[in-house]
Structures are given as C-alpha cells and as structure tokens.
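Student: Prediction below, plus the sequence it came from.
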Amino acid sequence: MFNGNFFHGLGYLGEGFRLIKQPGLRLFVIIPLMINLVLFVSMAYFMATAFSSLIETAMGWLPDWAWLQSLDWLFWLLYGAVILLMLAYGFVVVANLIGSPFYGYLAELTEKHLTGEEPTVEGGWAQIVRDIPRALWREVQKILYYLPRALGLFIIGLIPVINLAAAVLWFIFNSWMMALQYVDYPADNNRVSFPMLKKQLAQRRLSALGFGFPVALAAMVPVLNLLVVPAAVCGATAFWVRESRLPVKT
C-alpha cells in the first residue's frame, strides 16, 4: 500500500523547475504563464473588491463606537489569510482547466526531451486545439474524483476530537491530488485512462506523495503558484518516465 520512496519523490518538483528552462520547452511555459498571470491578477482584484465591500458591510453592523470602528484592520488580518488560501487553491483549479491543453503538450515535449527525442513544436498549435475536448474531460474526471473525498474530509472536520486529525488528512489528500493532477498530463498523452493512472500511482504511493507534498505547499504561495504549475507538469513528466510507466501489478 505504501510502496515507493517519499524522499525520492520530493526531488521531482526541483527537476521540473530545471526543465522549464530548456530552450525547446520555454514557449509552452511562457504562454500559459502569461495566461495564468492575467487570470491571477483578475481573480485577486475581484476577490479583494468583494472582500472590501464585505468588510464595509460588517463594520456597518457594529455599534458606532470609535474603538470598534477602528478594528477594520483586524477583519483584514483574520479573514485575509482565508481569502488568500481560497485564491491560491481556486487559482490552481481554474488555471488547470484553462491551461490543460498547453500543459498536455508541454508534458509531451518534456517526455521527448527526457527520452532523448528532439522536442519539436511543428504542428503544436493544431494539436493543442484538437486536444481541448479530451483535456477538459480529464480535468472534469479529476474534479469528480476530488469532490466526494473532499466532502468526506470536511464532514470529518466537524466531528469533535476526530477533527484534530482533519488538517493532517487534508494535506495528505491534497498532496495525493497534486500528484494525480500533474502526472495525469503525461499519462493522458500515453492514452492511459484515469482509473489506470490511479492504480499505477497507488503502487508508488510514497513517491507520489513525495512529489505532491512540495507542489501542495507551493500552490498556497501567491506568485510562486504561477511558476509551480508548469514546473509541476515537467516534474510530473519526469516522474512518469522513471516510475509510472512500469507495468501495473495485478
């Protein structure tokens, strides 16, 4: 159940950051990066505007006492962190939906680079357009896998005493989901179904968690999460080439 090497898995994200600097891969790193930047700024502006209005409304409910009216900074402090985490994770989900065709092609070029083939972008744009329906369907499958399990963890978090373990379980689950999310790109390129990918990663669970752990951490850091997505795609492709392409044990 817990095969693989957690510490070995940790190294794949660092390798991904090295891979995105390769000349043959840069174009398909820069384009989704620019899309993500526009998306992140738009989401940040929208959430900041909405949150500012929420603070003003909440302050209007308080009695007209000078010391209470001066506590608006406390609202920003208490709820700003929550909004920040929501923005970080929400950004990753939306960025993956929008950028999935680019990331699939980036994974293909990375796999060619790692296996000694010449990465070529000839016909790349046509391929990206053709892959949009399939890429979006894969993202939907991952969301459908995520939602019921996230709901189960949310319910666990409501149970006294047991909820003490909820934070740890959430982070382990998010690490697992990050591995599934990004290794799915090279798996899809190789026509491996999502159920089969889950079986393959389950046989290397510790390695998968080791890869997903730093990705989950980086996803919570604004600005860094702009760069971590393409790096995670490249790192996940390295993971796929070296570990996930092994046959599944029955």
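Tutor: Noted; the coordinates are in hand.

Student: Next, the contact list for the residue nearest to residue 228 when sequence neighbours are not counted, please.
Tutor: Nearest non-adjacent residue to residue 228, counting by CB to CB, 6 or more residues apart in numbering: residue 218, 4.1 Å away. Yep, even glycine has a C-beta here, placed from its N, CA and C like the rest. Neighbouring residues of residue 218 by CB atoms under 8 Å, 6 or more residues apart in numbering: 13, 224, 225, 228.

Student: swap the cut-off to 10 Å and go again
Tutor: 13, 17, 88, 92, 178, 224, 225, 227, 228, 229, 231, 232 (CB atoms under 10 Å, 6 or more residues apart in numbering).

Student: residue ranges of the helices in this protein, please?
Tutor: 6-19, 27-61, 66-69, 72-114, 124-156, 166-189, 194-202, 205-219, 224-239 (DSSP state H).

Student: Using JSON lines, lay out those helices together with mean pLDDT.
Tutor: Below are the helices of the chain laid out as JSON lines (pLDDT from 0 to 100):
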{"stretch": "helix 6-19", "mean pLDDT": "92"}
{"stretch": "helix 27-61", "mean pLDDT": "73"}
{"stretch": "helix 66-69", "mean pLDDT": "49"}
{"stretch": "helix 72-114", "mean pLDDT": "72"}
{"stretch": "helix 124-156", "mean pLDDT": "80"}
{"stretch": "helix 166-189", "mean pLDDT": "88"}
{"stretch": "helix 194-202", "mean pLDDT": "92"}
{"stretch": "helix 205-219", "mean pLDDT": "91"}
{"stretch": "helix 224-239", "mean pLDDT": "89"}
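
Student: Need the winner for burial among the ones you listed.
Tutor: Among those, helix 224-239 has the highest mean neighbour count (mean count of other CB atoms under 10 Å), at a mean of 26.

Student: hey, C-alpha coordinates of that one in PDB?
Tutor: C-alpha atoms of helix 224-239 as PDB (Å, rounded to 0.1, in the frame of the first residue of the first chain):
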ATOM      1  CA  LEU A 224       5.000  31.200  -6.700                       C
ATOM      2  CA  ASN A 225       1.900  29.300  -7.700                       C
ATOM      3  CA  LEU A 226       2.200  31.000 -11.100                       C
ATOM      4  CA  LEU A 227       5.500  29.200 -11.700                       C
ATOM      5  CA  VAL A 228       4.800  26.000  -9.900                       C
ATOM      6  CA  VAL A 229       2.200  24.800 -12.400                       C
ATOM      7  CA  PRO A 230       4.500  24.400 -15.400                       C
ATOM      8  CA  ALA A 231       7.300  23.200 -13.200                       C
ATOM      9  CA  ALA A 232       4.900  20.600 -11.700                       C
ATOM     10  CA  VAL A 233       3.900  19.400 -15.200                       C
ATOM     11  CA  CYS A 234       7.600  18.900 -16.200                       C
ATOM     12  CA  GLY A 235       8.400  17.300 -12.800                       C
ATOM     13  CA  ALA A 236       5.400  15.000 -13.100                       C
ATOM     14  CA  THR A 237       6.600  14.000 -16.600                       C
ATOM     15  CA  ALA A 238      10.000  13.100 -15.200                       C
ATOM     16  CA  PHE A 239       8.100  11.000 -12.500                       C
END
